[in-house]
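Undergrad: Next one to model:
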Amino acid sequence: MILTVDLDSEAPIYQQLRDQIVEAIADGVLTEGSSLPSTRALAADFGINFHTVNKAYDLLRQQGLIRLNRKTGAVVALTDAGAPFRAEWAARARTLLAEAVAAGVPPEEVLKACRAVLESFGSTQTEEMP
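TA: Have a look, this model is predicted:
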């Protein structure tokens, strides 16, 4: 897995790291039990504060995507996050879709883009999408 950081991006660095790790999990690049670099090692690689990496890892832990352990470090540990995650995810999706509607993107194009993204993930089943 190759992570990149755009220091000129409006997105915070911790969010960039978190998002790339989530995408790597969805793509099947990172699977259950995959180890992630230590916070200090990853911070040193990018020349950023290790607390920034720690924040990204903590978000992933809260979302049930990784397990943090003093001995093993950060390890992908996929769990069913349940109803609270689904409600939060739906709210974020609503906002993202609202941005598309407000920008004048036709519904058919939005659905096509959603299908294409879902189909791009190696481990995702999209058979039930209309």
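Undergrad: going forward, measure contacts between C-alpha atoms and count neighbours the same way
TA: Will do.
Undergrad: Quick check on the spatially most central residue of the chain: phi, psi?
TA: Central residue of the chain (C-alpha atoms, centre = their mean): Val22, 2.6 Å from the mean position. When read as degrees, to the nearest 10, the backbone of Val22 gives phi -60, psi -40.
Undergrad: okay, it: pLDDT?
TA: Looking at Val22, its pLDDT is 94.
Undergrad: residues in contact with it?
TA: Leu65 (C-alpha atoms under 8 Å, 6 or more residues apart in numbering).
Undergrad: Please apply the same query to Glu32.
TA: Taking C-alpha under 8 Å, 6+ apart, we find Glu32 in contact with Val75, Val76, Ala77, Leu78.
Undergrad: Please enumerate residues in contact with the helix or strand that contains the first one?
TA: Secondary structure assignment for Val75, by DSSP states H and E: strand 73-76. Residues external to strand 73-76 that are found in contact with it (C-alpha under 8 Å, 6+ apart): 30-38, 57, 65-68.
Undergrad: What helix or strand is Glu10 located in?
TA: Per DSSP H and E, there is no helix or strand for Glu10.
Undergrad: Now Leu68: phi and psi?
TA: phi -110, psi 130.
Undergrad: how near is the closest residue to it other than its chain neighbours to Arg61?
TA: Closest residue to Leu68 apart from its sequence neighbours, by C-alpha to C-alpha, 6 or more residues apart in numbering: Ala74 at 4.6 Å. Look at Ala74 and Arg61: by C-alpha to C-alpha, to the nearest Å, they are 9 Å apart.
Undergrad: Overlap of the contact sets of the two?
TA: Arg67, Leu68.
Undergrad: quick one: which of these two has more around it?
TA: Ala74 (22 against 18; other C-alpha atoms under 10 Å).
Undergrad: Go through stretch 113-124 and flag the buried ones.
TA: Going by neighbour count (16 or more other C-alpha atoms under 10 Å), the buried part of stretch 113-124 is Leu118, Phe121.
Undergrad: Let me see the mean pLDDT of it.
TA: For stretch 113-124, mean pLDDT is 83.
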